[in-house]
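**Student:** Starting from these lines, generate the structure:
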Amino acid sequence: MKKNYIILAVIAVIVLLIAVFKSPVVTPVVTIEEDEQGNDIIPTETGKTTTTKTGTSVPSKNAGRVVFTISDETVLSDATIQSVLLTINDISVHNSSGWVTVSKTPRAFDLVSLKATGRDEMMLDTNLNAGTYDQIRFSLGQILVAHKSGLNSENAKSRLQTINLNTKIVVEKGGLSGVSFDFDLAKSLHRINDGTLMFFPVLKLNTQHSIKTLQNLGGNVQFFEGLTDFVQSWGVDENGDIKVDFSFGNLTKIEFVGKVIRIIPYEEKQEDIKVGAQTILDTVIRNGYLSEVVSIQTIVRENKRIWKVVGIKSSARVTVYADISTGAVISVE
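**Tutor:** Now for the predicted structure:
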């Protein structure tokens, strides 16, 4: 009798195992595309979470994957410079609900190396709630310049530490979007008359969504079959203002008058200037037009070259225009 119970128990276990193995297993269907190194993964299933081989969790229920890249497409004219390490301290994006911080981890990127290798290097691989973002903001950290001669590295100074740009970033549920920064180092880095290196960022921003394939070969990130949402170039001027399609001309000179930046346009003629920059600066401060001066340059206004002085008074931006022949103040705006 006991032997029969044992046989029945064995048969029951076998039947149970057969039922389990014959039961249909529901496996989530996830479309994945990879490069030859297995780095590219695009999750598409709604309501599930997949993980890329780089460890990026991509919840697609109410979010999409956004990859930020950085590149430099221009050749630096100063052949003595070996590297320019640009540190990005943080990145945030803005939508109708406010600002969303996507990274607080500082990272340094060698703009010279990016150009030499032709790479679009990955800055950040993250997830954002689906929707449209209309601004992007990032802050600059140290800008360290190293020389081939082995001289001590030096820090380049920037007029503006936080860059805030209007844009359009479309994030779809379960989709892949790309945000690409392309810096123009040749137009951004300037040696001033006292030897100081100044960094006036010049960059292009490109955004895409519905990207079908992300390829990452040897650190070079490429997007394929995406829909372009936004392309725009900006530059930071001598006052720290961000302007569309701005950069200093190749023949423009930049120098310091004391601690004030002076822009010297290539068409300016020294013989036309009867009252010099320092005299004008002394005048606007002494007469109370400005409490602090930011920049000075000559411009052409109403077919006449005059001094333009930008500064601060009572926490407000003020511009003073003065005659280059007499030094008399023409207008204050």
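**Student:** any weak-confidence spans in the stretch 1-150 of the chain?
**Tutor:** Scanning the stretch 1-150 of the chain for pLDDT under 70 picks out the ranges 1-60.
**Student:** let's see 50
**Tutor:** For the stretch 1-150 of the chain, applying pLDDT under 50 flags the ranges 1-3, 5, 8, 13, 15-58, 60.
**Student:** Which parts of it are strands?
**Tutor:** For the stretch 1-150 of the chain, applying DSSP state E, counting those that start in this stretch gives strands covering 49-51, 57-59, 63-72, 81-95, 98-103, 107-110, 121-129, 131-147.
**Student:** What helices and strands are in contact with the third one?
**Tutor:** Which is strand 63-72. Judged by 3 or more Cβ pairs under 8 Å, 6 or more residues apart in numbering; DSSP states H and E, strand 63-72 is in contact with helix 111-117, strand 121-129, strand 162-171, strand 176-183, strand 220-224. Using the backbone N, CA and C atoms, a C-beta is placed for each residue, glycine as well.
**Student:** who touches the helix or strand just after the last one?
**Tutor:** Per DSSP states H and E, strand 220-224 leads on to strand 227-236 as the next helix or strand towards the C-terminus. Here strand 227-236 makes contact (Cβ atoms under 8 Å, 6 or more residues apart in numbering) with 158-160, 163, 165-170, 187-188, 200-210, 242-248.
**Student:** Just give me how far whichever helix or strand comes after strand 227-236 sits from the chain centre.
**Tutor:** Going down the chain from strand 227-236, the next helix or strand is strand 242-244, by DSSP H and E. Put simply, strand 242-244 sits 14 Å off its chain's centre (Cα atoms, centre = their mean, to the nearest Å).
**Student:** average model confidence for strand 242-244?
**Tutor:** For strand 242-244, the mean pLDDT works out to 97.
**Student:** contacting residues around Glu268?
**Tutor:** Glu268 is in contact with 298, 305, counting by Cβ under 8 Å, 6+ apart.
**Student:** just the helices and strands packed on strand 63-72: most buried one?
**Tutor:** Mean neighbour counts were taken over the helices and strands packed on strand 63-72 using mean count of other Cβ atoms under 10 Å, and the top value, a mean of 23, falls to strand 176-183.
**Student:** Now do the helix or strand following that strand, average pLDDT.
**Tutor:** Later in the chain than strand 176-183, the nearest helix or strand by DSSP H and E is helix 185-188. For helix 185-188, mean pLDDT is 95.
**Student:** Any idea which of the strands of the stretch 1-150 of the chain gets closest to Ile296?
**Tutor:** Closest to Ile296 of these, according to Cβ to Cβ: strand 131-147, at 24.4 Å.
**Student:** Show me what the following helix or strand past the closest one is in contact with.
**Tutor:** Downstream of strand 131-147, the next assigned helix or strand under DSSP H and E is strand 154-155. The contact list for strand 154-155 (Cβ under 8 Å, 6+ apart) reads 142-145, 197.
**Student:** So Arg107 is in contact with Met122, correct?
**Tutor:** No - counting by Cβ atoms under 8 Å, Arg107 does not reach Met122; the two are 9.8 Å apart.
**Student:** Find residues that contact each of the two.
**Tutor:** The contact sets of Arg107 and Met122 do not overlap (Cβ under 8 Å, 6+ apart).
**Student:** Could you check how many residues crowd around Asp184?
**Tutor:** Residues lying near Asp184 (other Cβ atoms under 10 Å) number 20.
**Student:** pretty sure it contacts Phe199?
**Tutor:** No - assessed by Cβ under 8 Å, Asp184 is found out of contact with Phe199, at 11.5 Å.
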